[in-house]
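Asker: Have a look at this fold, sequence not included:
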């Protein structure tokens, strides 16, 4: 599937990261950073475990990718995220000048677009809706069980 | 000065953090998190050293404060920042439900208010202009010398 549908291939891996979060009772969101079809950063939400609101999947994946590259800018990279990034993560992706953002489900309340599309860099390409149903369901089911 | 002018007292300490950044050739911005007049988190910009766009002074100070408290929310805390926070840091402070933000100089181009004041939590108190001149000058002088 890497060759025929790379977006779905990498989103499935981001989804696996979200499942890791779920298994640790964290809000299940995952992210993968890819360059030239190679994974260079991964992350899943660890806010509760680390007691740290900055430990979102995307933030951890950005840090991992920059560590791998030894560079702070990720212009040639794509980040796959199961959920639309929040304003913090979108702004971090802008600082990183990420080339492309692909996300699964939209987040009407908490997503960056609700505040401003300018939170992302104007040169960043955005694609959404890859595995939308699964990526959305894992989060909504998580919160349903919490109630 | 802690008793007579606590805001200036803590901003001077945030400024000392900014000076640490300057000595490492980083954009000189510093932050201090305080609870009940006690410092529980410090940070200075380390984006270049760590090759990580998320390593802003505020982010490091939030993480340090949450580690200290063993809690992700900082409702009873005040963060002193030498410069108006960027959208990423403002959104992180919203996630942390920080009680109060005190910053020195405004950042007309890169500050959060330029995008949206909703990046901060509606319950967060904001105060600005403490040591405004010094906090602004250290950054503008840094960039002047870079040109």
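Answerer: Happy to help now that I have it. Remember, it's a predicted structure, so these values are computed and weren't measured experimentally.
Asker: Measure how buried the residue lying closest to residue A:78 once chain neighbours are set aside is and give me the count.
Answerer: Excluding the flanking residues, the one nearest residue A:78 by C-beta to C-beta, 6 or more residues apart in numbering or on different chains is residue A:100, at 4.1 Å. C-beta: built from backbone N, CA, C; applies to glycine. For residue A:100, the neighbour count with other C-beta atoms under 10 Å in any protein chain shown is 19.
Asker: and residue A:100, what does it touch?
Answerer: Under the criterion of C-beta atoms under 8 Å, 6 or more residues apart in numbering or on different chains, the neighbours of residue A:100 are A:77-79, A:124-127.
Asker: Chain A: helices as residue ranges?
Answerer: Ranges of helices in chain A, per DSSP state H, are A:6-23, A:47-50, A:57-69, A:87-95, A:112-115, A:132-146.
Asker: Name the residues of the last one that are buried.
Answerer: Meaning helix A:132-146. For helix A:132-146, the neighbour count (16 or more other C-beta atoms under 10 Å in any protein chain shown) marks A:135-136, A:138-139, A:142 as buried.
Asker: what residue ranges in chain A are flagged as low confidence?
Answerer: For chain A, no stretch has pLDDT under 70.
Asker: how near is the closest residue to residue A:35 other than its chain neighbours to residue B:51?
Answerer: Leaving aside its chain neighbours, residue A:35 sits nearest to residue A:77 (4.8 Å; criterion: C-beta to C-beta, 6+ apart). Using C-beta to C-beta, to the nearest Å, we find residue A:77 at a distance of 14 Å from residue B:51.
Asker: For those two, indicate the residue with more neighbours.
Answerer: The residue with more neighbours, out of residue A:77 and residue B:51, is residue A:77; 25 against 17, by other C-beta under 10 Å.
Asker: Please tell me how far residue A:5 sits from chain B.
Answerer: Remark: distance between residue A:5 and chain B (C-beta to the nearest C-beta, to the nearest Å) = 30 Å.
Asker: residues near that residue, how many?
Answerer: Residue A:5 - counted by other C-beta under 10 Å - has 12 other residues nearby.
Asker: before we move on, back to that, against residue B:34, how distant is the residue nearest to residue A:35?
Answerer: 37 Å.
Asker: Check residue A:57 too.
Answerer: Distance of residue A:57 to residue B:34, computed by C-beta to C-beta: 30 Å.
Asker: Please apply the same query to residue A:84.
Answerer: Taking C-beta to C-beta as the measure, residue A:84 and residue B:34 are separated by 34 Å.
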